[in-house]
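Asks: quick one: sequence and predicted model below, then my questions.
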Amino acid sequence: MYKEKIGHGQASGKIILMGEHSVVYGEPAIAFPFQETFIATTVESSTAMTLDCLYFSGNLADVPSPLKSIKEAVNQTLIALHQENTTLKLTITSTIPAERGMGSSAAAAVSIVRALFDYFDVTCTQEVLLPLVNRAEKIAHGNPSGIDAAATSGNDSLFFIKGQPLESFPMNVSNAFLIVADTGIKGQTRAAVSDVAKLFEQDQAKIAQHITELGRLTRLAKQVILADDVLALGNIMNQAQEQLKALSVSNEQLDRLVTTARENGAIGAKLTGGGRGGCMISLAESKEQAEKIAAALKNTGAVATWIQSLGVNN
Ligand SMILES: C[C@@](O)(CCO)CC(=O)[O-]
């Protein structure tokens, strides 16, 4: 019996440990795929080009503005595959909270590109995947560094520098537990990235100092991770949060959760991703401490929390 072909593609959420925003200016960032959250796309043949996801169901041509990057991912991939005239049904399911600094837009694009390549039985290498995803990310974020595409499509922690070949990075810190907390407020990556650019234009010397300092802290974070020094890592995260505040990308809710985490024993806490809402991360030295911090964050308004060990033997 003839079996209808279905294409499948997946990606995970991502966490930026250090270096958001400064990564756009060529400084390094440390990020890893956050496999607690994931997204999957299926592609099947259809008489019209349609999309079915949590936020929209209908013709792909009619997607609302926040989903325009998805349309771009589909269109660019079909052009790359020389299949512009095909009509397909795309179905997306996701556990990555949208617009919370977890890379949902990049992950959606990654899963779409992979599903379309799978549908047409073409191998999808990272070399082909990343430029396609970054074109879609330009629509979502304006000026993406490429870190979200790289982190949501891989399996490894990355020491990422814009425009350079991907460098995997062993994330293995003893007694290190990361608590991720969602403010429940939509992050505004696009606006935050563009506001930092405006600040940069207004006062280049001052903003460049913050960006350079974030780069220095990120390089230092890599060293202390390799030296297995959890306390130093927490301290560096706290310093990074001050720099991010100076770049105007934190906000009241993020600051409140950062304070709560520290008051409940976190050795480090900062926003993660684009900021202005979205998620924050904090660092604890034991699972019990992490659970206590997660509970306190929920009491202070976090709508969701996750705990992730940063060490293989923790
Ligand atoms: C804010 C930012 O640095 C990270 C967004 O997850 C933007 C980017 O690198 O594309």
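Replies: On my side now, so go ahead.
Asks: tell me the SS of the residue in the chain positioned nearest to the ligand?
Replies: Using CB to the nearest ligand atom, S145 is the residue of the chain that sits closest to the ligand, at 3.3 Å. Placement of C-beta: from N, CA and C, glycine included. For S145, the reduced secondary structure class is coil; criterion used: DSSP: H, G, I helix; E, B strand; the rest coil.
Asks: now it: how far from A29?
Replies: Separation of S145 from A29 (CB to CB, to the nearest Å) stands at 7 Å.
Asks: any shared contact partners between those two?
Replies: With contacts defined as CB atoms under 8 Å, 6 or more residues apart in numbering, the residues adjacent to both S145 and A29 are 23, 160.
Asks: show me the contacts for the residue of the chain closest to the ligand.
Replies: By CB under 8 Å, 6+ apart, the neighbours of S145 are 23-24, 29, 160, 162.
Asks: can we see that at 6 Å?
Replies: With contact set as CB atoms under 6 Å, 6 or more residues apart in numbering, S145 has these partners: 23-24, 162.
Asks: so which of those residues is the most crowded?
Replies: Compared across these, V23 has the highest neighbour count, 25 neighbours, by other CB atoms under 10 Å.
Asks: how about the secondary structure of that one?
Replies: Reduced to three states by three-state DSSP, V23 is helix.
Asks: excluding its backbone neighbours, what's nearest it?
Replies: If the residues on either side of it in the chain are set aside, V23 comes closest to A29, at 3.9 Å by CB to CB, 6 or more residues apart in numbering.
Asks: can you tell me how far that neighbour is from D203?
Replies: As judged by CB to CB, A29 and D203 stand 23 Å apart.
Asks: what's the answer for F159, then?
Replies: For F159, the distance to D203 equals 29 Å [CB to CB].
Asks: the more surrounded of those two?
Replies: F159 (21 against 10).
Asks: just the element for the more buried one, please.
Replies: Under the criterion DSSP states H and E, the helix or strand holding F159 is strand 158-160.
Asks: which SSE is immediately downstream of that strand?
Replies: Downstream of strand 158-160, the next assigned helix or strand under DSSP H and E is strand 177-182.
Asks: pull up the pairing partners for that next one, direction included.
Replies: Within its sheet, and counting by DSSP bridges, strand 177-182 is paired with strand 279-284 (antiparallel), strand 304-309 (antiparallel).
Asks: buried sites along stretch 217-229?
Replies: Neighbour-count burial for stretch 217-229, counted by 16 or more other CB atoms under 10 Å, picks out 217-222, 224-225, 229.
Asks: near the ligand, anything from it?
Replies: No - using CB under 6 Å from any ligand atom as the criterion, no contacts between stretch 217-229 and the ligand are found, and the smallest distance is 11.5 Å.
Asks: also stretch 248-259?
Replies: No - Stretch 248-259 is not in contact with the ligand by CB under 6 Å from any ligand atom; minimum separation 7.5 Å.
Asks: show me where pLDDT drops low in the chain?
Replies: Applying pLDDT under 70 to the chain flags residues 1-3.
Asks: which strand is the longest one in it?
Replies: If each strand of the chain is counted by residues according to DSSP state E, the longest one is strand 29-45.
Asks: tell me which parts of the protein are close to the ligand?
Replies: Counting by CB under 6 Å from any ligand atom, the residues of the chain that sit close to the ligand are 16, 20-21, 23-24, 101, 103, 141, 144-145, 147-148, 189, 193, 273-274.
Asks: quick one: contacts of stretch 61-69?
Replies: By CB under 6 Å, 6+ apart, the residues outside stretch 61-69 that reach it are 56, 71, 105, 136, 139-140.
Asks: and K14, what element?
Replies: K14 belongs to strand 7-18, assigned by DSSP H and E.
Asks: next: A296.
Replies: Remark: A296 resides in helix 287-299, with elements defined by DSSP H and E.
Asks: ok, now which ones touch E20?
Replies: By CB under 6 Å, 6+ apart, the neighbours of E20 are G273.
Asks: correct me if wrong, but it is in a strand.
Replies: No - when classified by three-state DSSP, E20 is found to be coil rather than part of a strand.
Asks: would you check that N175 makes contact with D229?
Replies: No - the pair N175 and D229 does not pass the contact test of CB atoms under 6 Å, sitting 10.2 Å apart.
Asks: fine, thanks again, bye for now.
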